[in-house]
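J.: predicted coordinates and the sequence they were generated for:
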Amino acid sequence: MIINNFKKNILAIIFLMITALFINGCQSHYTPKPRGYFRITLPKHEYKLFDTVFPYTFEYPKYVKITPDPYSPHEKYWINMDYPQFHATIHISYKVVHNNLIKYLKDARKMVVKHIPKANAINDSLIINPAHNIYGMVYDIEGNGVASPYQFIITDSSKNFLRGSLYFNLPPNNDSLSPVIEFIKEDIRHFLKTFSWKKMPEK
């Protein structure tokens with residue numbers, strides 16, 4: 001069983017690396033230009049624990065409101081992390097893996113690739129945390145007209161899969177939103193750092 005799980009972990013990591021290479025091959029290179037940012041007051045980063053009957057736990061910002069996904073009421077472990085002051089939402093979707101991890105990875109890749117026409121660059125980085133059985137990828141999608149500038153996926157490679165994506169309820173203007181995007185990225189990094197799977201009772 002340990003060997004099988006190890007093989008699954010290796011396969012998941014290899015697939016994630018192939019995904020990274022595929023997206024890197026599609027990106028365009030550019031020379032950054034100086035940017036002007038609007039003045040905005042950002043709150044201090046403070047977090048509290050999300051630990052419920054969900055199959056995962058993490059720390060989230062105190063200034064965020066967590067709500068069920070209104071468009072997927074049948075998905076009881078899908079949530080939105082709303083930033084009312086920024087008109088922004090991190091959409092979190094969760095799936096149980098039943099020998100279909102590759103499908104979920106491909107679907108997640110499609111959600112990233114669809115932003116290529118508006119993107120100046122897509123910077124990806126691997127998440128490898130064997131101590132907590134967490135493997136995944138973060139996608140930093142640059143471009144003024146990109147609808148979702150930051151996305152991520154994580155899995156334990158055998159039972160659980162989770163995807164997150166940042167969207168603004170505003171017309172895409174990521175140059176002016178840059179301070180807010182960077183602020184929320186820090187929250188997402190904290191989310192990933194404190195995330196862990198929970199063992200759920202067998203049904």
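T.: Everything's here; your move.

J.: below-threshold pLDDT in this structure: ranges please.
T.: 1-39, 200-203 (pLDDT under 70).

J.: give me the contact list for stretch 66-86.
T.: 43, 50, 54-56, 60-61, 63-65, 88-94, 168, 180, 184 (C-beta atoms under 8 Å, 6 or more residues apart in numbering). All C-beta spots, glycine's among them, are computed from the backbone N, C-alpha and C.

J.: restricted to helices, list those.
T.: 180, 184 (DSSP state H).

J.: buried ones among the contacts of stretch 66-86?
T.: Neighbour counting by 16 or more other C-beta atoms under 10 Å classes 50, 56, 60-61, 63-64, 88-94, 168, 180, 184 among the contacts of stretch 66-86 as buried.

J.: show me where this protein has its strands.
T.: 47-50, 56-61, 65-68, 79-83, 88-96, 121-129, 134-142, 150-155, 160-168, 196-197 (DSSP state E).

J.: what residue is smack in the middle of the protein?
T.: Phe152 (2.6 Å; C-alpha atoms, centre = their mean).

J.: what's across from the closest residue to that residue other than its chain neighbours in the sheet?
T.: Nearest in space to Phe152, with sequence neighbours left out and distances taken as C-beta to C-beta, 6 or more residues apart in numbering, is Val138 at 4.5 Å. Applying DSSP bridges to Val138 yields these beta-bridge partners: Ser125, Phe152.

J.: quick one: Val138 from Ile116, how far?
T.: 17 Å (C-beta to C-beta, to the nearest Å).

J.: so between these two, which is more surrounded?
T.: Per other C-beta atoms under 10 Å, whichever of Val138 and Ile116 has more neighbours is Val138, with 19 against 15.

J.: correct me, but the more buried one touches Ser125?
T.: Yes: the pair Val138 and Ser125 passes the contact test of C-beta atoms under 8 Å, sitting 5.0 Å apart.

J.: appreciated, that's everything.
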